[in-house]
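Colleague: only geometry, no sequence info:
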């Protein structure tokens, strides 16, 4: 019962966070000089006033916020100011599957690679494999995505010709480079978290007790190690999702993927305020949903938290 109550409180907290992000983003957009219809050749004042009235830009902040939240609750993000033939919901609906495919694949790959590399590093602590993985994780964490993605294209697509340089229309092979570009930096710091969890398990009394009962090393790593490893990794899923969504803007630009990241950049450059606000809202909702789901899985895997 306590666990269900905690899940409900986490969900309410996530919804409150989403409302706060939307309110803050709308306030910042209202403070930006100019407007969505600003251009080199300014329209007559009466035309600008008519456009502002049509799209509700002349309303008070609280009224505008309330109308937008009511529309979001119905799945309506309003019209696009620049792409008049499409609504914001239609544009986000086209971009969302691409970003979800890219982000979820990169997140799962980074978690899996971190678990495998951490097991190898912890089993060979302070030895050559552990040191090599430490250097690799440090280099991957320090390298920006706008450098890593072009390097992967140069090595794997241009020099070695293993993979296609473009991705959207090349089948599953075309997704490998963008997924790697997002997953490698996340693996770098998830590896450190997972390695620390496994070393902590190895130094515990439960580890020594399991060894005294004749449990093999393999059984101890999968049993005791997994009980602490996966909750630690799942706790890091929400900040990893934030990093993936922010990094997707760069990766989608490099690989010409029409996802949410690219949509966010284009809407900011084009002053398409409704599209920008809708993209921010959906991206925030995705991060909060991943965080809430990760906490549910952590409580399911860790019996100590079920009654907390």
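Modeller: Thanks, I have the structure now. The model shown is predicted, which means the values in this text are computed figures rather than measured ones.
Colleague: ranges for the helices of the stretch 1-150 of the chain?
Modeller: Under the criterion DSSP state H, counting those that start in this stretch, helices of the stretch 1-150 of the chain are mapped to 2-31, 45-54, 61-73, 88-123, 128-142, 145-152.
Colleague: so which helix or strand of the protein has the lowest pLDDT on average?
Modeller: helix 45-54 (a mean of 63; mean pLDDT, DSSP states H and E).
Colleague: let's see the pLDDT reported for the spatially most central residue of the chain.
Modeller: Nearest to the geometric centre of the chain sits residue 241, at 2.7 Å (CA atoms, centre = their mean). Note on residue 241: pLDDT of 79.
Colleague: just the element for it, please.
Modeller: helix 237-254 (DSSP states H and E).
Colleague: any idea how far residue 22 is from the residue lying closest to residue 247 once chain neighbours are set aside?
Modeller: Spatial nearest neighbour of residue 247, excluding adjacent residues (CB to CB, 6 or more residues apart in numbering): residue 145 at 4.7 Å. (Each C-beta comes from the backbone N, C-alpha and C, glycine too.) With distances taken as CB to CB, to the nearest Å, residue 145 is found 27 Å from residue 22.
Colleague: swap in residue 128?
Modeller: Residue 128 is 51 Å from residue 22, by CB to CB.
Colleague: so those two - more neighbours on which side?
Modeller: Between residue 128 and residue 22, counted using other CB atoms under 10 Å, residue 22 has the larger neighbour count: 20 against 8.
Colleague: was I right to think that one contacts residue 69?
Modeller: Yes: proximity of residue 22 to residue 69 meets the contact threshold set by CB atoms under 8 Å, at 6.7 Å.
Colleague: and the residue lying closest to residue 106 once chain neighbours are set aside, which of the three is it?
Modeller: The shortest distance from residue 106 to any non-neighbouring residue, by CB to CB, 6+ apart, is to residue 182 (3.7 Å). At residue 182 the chain is in helix, as set by DSSP: H, G, I helix; E, B strand; the rest coil.
Colleague: check contacts around residue 89.
Modeller: 75-77, 278 (CB atoms under 8 Å, 6 or more residues apart in numbering).
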